[in-house]
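Trainee: Got a predicted model here, sequence first, then my questions.
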Amino acid sequence: MRLSKNFHLSEMTKSQVATRNNILNEPSTNEIVALTALVTACLQPIRNEHGVVSISSGYRSKELAPLVKSKITSSHCFGEAADFECFSISNYKLADWIVNNLPEWDQLILEYHDIKIPTSGWLHLSYKRDGKNRKEVKRAILKSNKTVYLEGLK
């Protein structure tokens, strides 16, 4: 099923962990609508500007979430988030582009990025179709083997 010009439902639901554990990672109709909104408002404009968007994690069923160390309250479980990167631009520069060019999104997290290694880490981006988007910007780092979320990109 096509969600936009360049995105299909299958790439937003693929999961090696689900496959290995015989979990059907299939979204409901409401979650497909949310995924379509995320793709239309956020991922397709990124694709239009920067080329291929490689999705590492999109929708996560409530059965899959704990297996990938995610909460069942995560925006991924509602079809509202994706983790991704673009190979034509560093993750930091892409995060900065999103902040300055996308008109609406909920949360942007630059995850585990090392400024000395432009291709390190990935981006998490969420979008709420109800219009209650916070435009919250964070970065995730490891500190004493625990993930810590800091405000902003720097």
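Mentor: Cool, the structure landed.
Trainee: contacts and neighbour counts: CA atoms only from here.
Mentor: Will do.
Trainee: And the strands in the protein?
Mentor: Assigned strands in the chain, in chain order: 53-57, 81-86, 107-111, 122-126, 136-143, 146-151 (criterion: DSSP state E).
Trainee: Does residue 110 touch residue 148 like I think?
Mentor: No. Counting by Cα atoms under 8 Å, residue 110 sits too far from residue 148 to count as a contact (11.8 Å).
Trainee: Mutual contacts of the two, please.
Mentor: Residues touching both residue 110 and residue 148 (Cα atoms under 8 Å, 6 or more residues apart in numbering) are residue 140.
Trainee: higher neighbour count, the two?
Mentor: The neighbour comparison of residue 110 against residue 148 (other Cα atoms under 10 Å) goes to residue 110, with 28 against 13.
Trainee: which residue sits closest to the spatially most central residue of the chain, ignoring its sequence neighbours?
Mentor: Residue closest to the average C-alpha location in the chain (Cα atoms, centre = their mean): residue 82, at 2.0 Å. Distance criterion Cα to Cα, 6 or more residues apart in numbering; nearest residue to residue 82, sequence neighbours excluded, is residue 58 at 4.2 Å.
Trainee: which residues sit in contact with that neighbour?
Mentor: Counting by Cα under 8 Å, 6+ apart, residue 58 makes contact with 11, 12, 13, 14, 76, 79, 81, 82, 83.
Trainee: now do residue 115
Mentor: residue 92.
Trainee: and the gap between it and residue 92?
Mentor: Distance of residue 115 to residue 92, given as Cα to Cα, to the nearest Å: 8 Å.
Trainee: circling back to that earlier point, now, of the strands of the chain, which is deepest in the fold?
Mentor: strand 122-126 (a mean of 25; mean count of other Cα atoms under 10 Å).
Trainee: if we can go back for a sec, so the residue nearest to the centre of the chain touches residue 126, yeah?
Mentor: Yes. With contact defined as Cα under 8 Å, residue 82 counts as touching residue 126 (6.6 Å).
Trainee: Check the contacts of residue 58 against residue 43 and report the nearest one.
Mentor: Of all those, residue 43 sits closest to residue 82, with 8.8 Å by Cα to Cα.
Trainee: Could I get the pLDDT score of the closest one?
Mentor: At residue 82, the predicted lDDT confidence score is 98.
Trainee: how about the helices in the protein?
Mentor: Secondary structure of the chain by DSSP state H: the helices cover 9-13, 16-20, 29-38, 44-50, 91-101.
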